[in-house]
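Engineer: Requesting a structural model of the entry that follows:
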Amino acid sequence: MATRENIYANKIFLNAVLPLVKIIIESNEIMAKKFKNKNGIVGISAKDPDGKVGTHYIIENGNFTVIKGPNEKCDLELEFKSIPALNNFFAGTSKKLPKIKGWYHVGLLTATLSVLMYMAKLLGATTPPEKADEKDLVVKLYFSLLAAGISQLNKSGHPAISKWAKRSPDRVFAWKVTDKPELSSYIRVKAGKSKAARGEYKRSKPFFTMRFDTTDSALGTLLGIDDMIEATVTEKLIMEGAPEFGAQLGEYMLLVGSYAKGS
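Structural biologist: The predicted structure follows:
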């Protein structure tokens, strides 16, 4: 039986981590080529007494659409025996492989495993990649993961996050790197509801923005290399908004990270 903590982590993996595959396909030519002209439905799921949970991709000529929830018509499905088993695998604390349904779709299987392994490599990095385009991609993935992860914790009733969201008026919290708007993500929170999105929020100035001066500075904080307070003092990290909201957002970022790493 999955615990509440298992479920919080599972929501992050299914609805914040696995959707990052779409960003990778759109940003990395090598990964995109692996899915060129491919079609099918690929699902990643876990069995549970309360019903199967999962996320699936609809792939049309190599283009990805991410859909929340399992799909009974998957051409290829990676099915874990339980929610903890899925969580442990994607947190990197277990190497036990899931049951592979539709394994005979070899091209789809090898492409899917390749992109999942590449994503694990990027998110599991402890030092910045050497290539500039990979540095940008890692920051883009992390920004999206943090925004979506906080929103998922709110929607799944995490006590601290949902309490914060219920008390919040209509506010937007954003992450960005100076002169690289394509890396941005944000979360909009209002009276208990929340919505995460990629890109810049353009309807008005965000209530609070965590802005990094360069991609390297962003990686320094995101990968835990730099101290956040020191990064703020040296203006690698600029808090655009009241500092107390930066500290609060920092706590929630660490919370998402702890679930994603299984710690």
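
Engineer: could you pull out the strands for the stretch 101-250 of the chain?
Structural biologist: For the stretch 101-250 of the chain, the strands defined by DSSP state E, counting those that start in this stretch occupy 171-177, 180-190, 193-198, 208-212, 237-240.

Engineer: Relative to A111, which of those strands is closest?
Structural biologist: Between A111 and those, the shortest gap by Cβ to Cβ is with strand 193-198, which sits at 22.9 Å. Glycine gets a C-beta too; all of them are placed from N, C-alpha and C.

Engineer: Save the strands of the stretch 101-250 of the chain as TSV, and put in mean neighbour count, distance to E251 and mean pLDDT too.
Structural biologist: Output for these, formatted as TSV (neighbours: other Cβ atoms under 10 Å; distance: least, Cβ to Cβ, whole Å; pLDDT from 0 to 100):
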stretch	mean neighbour count	distance to E251	mean pLDDT
strand 171-177	23	12	97
strand 180-190	20	14	97
strand 193-198	18	16	97
strand 208-212	22	13	97
strand 237-240	18	14	95
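
Engineer: mind checking how far the residue lying farthest from the centre of the chain is from P243?
Structural biologist: Distance to the chain centre peaks in the chain at Y104, reaching 29.1 Å (criterion: Cα atoms, centre = their mean). Plainly put, Y104 is 56 Å away from P243 if you go by Cβ to Cβ, to the nearest Å.

Engineer: Distance to A160 for the strands of the stretch 101-250 of the chain - can I get that in a markdown table?
Structural biologist: Output for the strands of the stretch 101-250 of the chain, formatted as a markdown table (distance: least, Cβ to Cβ, whole Å):
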| stretch | distance to A160 |
| --- | --- |
| strand 171-177 | 15 |
| strand 180-190 | 13 |
| strand 193-198 | 13 |
| strand 208-212 | 17 |
| strand 237-240 | 21 |
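
Engineer: closest one to E72 among those strands?
Structural biologist: strand 193-198 (27.5 Å).

Engineer: by how many degrees do that closest one and strand 180-190 diverge?
Structural biologist: Angle between the axes of strand 193-198 and strand 180-190 is 170 degrees (criterion: axes from the mean of the first three to the mean of the last three Cα atoms, to 10 degrees).

Engineer: follow-up on the earlier one: among the strands of the stretch 101-250 of the chain, which comes closest to V138?
Structural biologist: Here strand 180-190 is closest among the strands of the stretch 101-250 of the chain (Cβ to Cβ), at 9.7 Å.

Engineer: That closest one: partners in the sheet, and parallel or antiparallel?
Structural biologist: strand 171-177 (antiparallel), strand 193-198 (antiparallel) (DSSP bridges).

Engineer: How far does it sit from its chain's centre?
Structural biologist: Computed by Cα atoms, centre = their mean, to the nearest Å, the chain-centroid distance of strand 180-190 equals 13 Å.

Engineer: again, but for stretch 88-103
Structural biologist: 18 Å.

Engineer: This completes my enquiry, with thanks.
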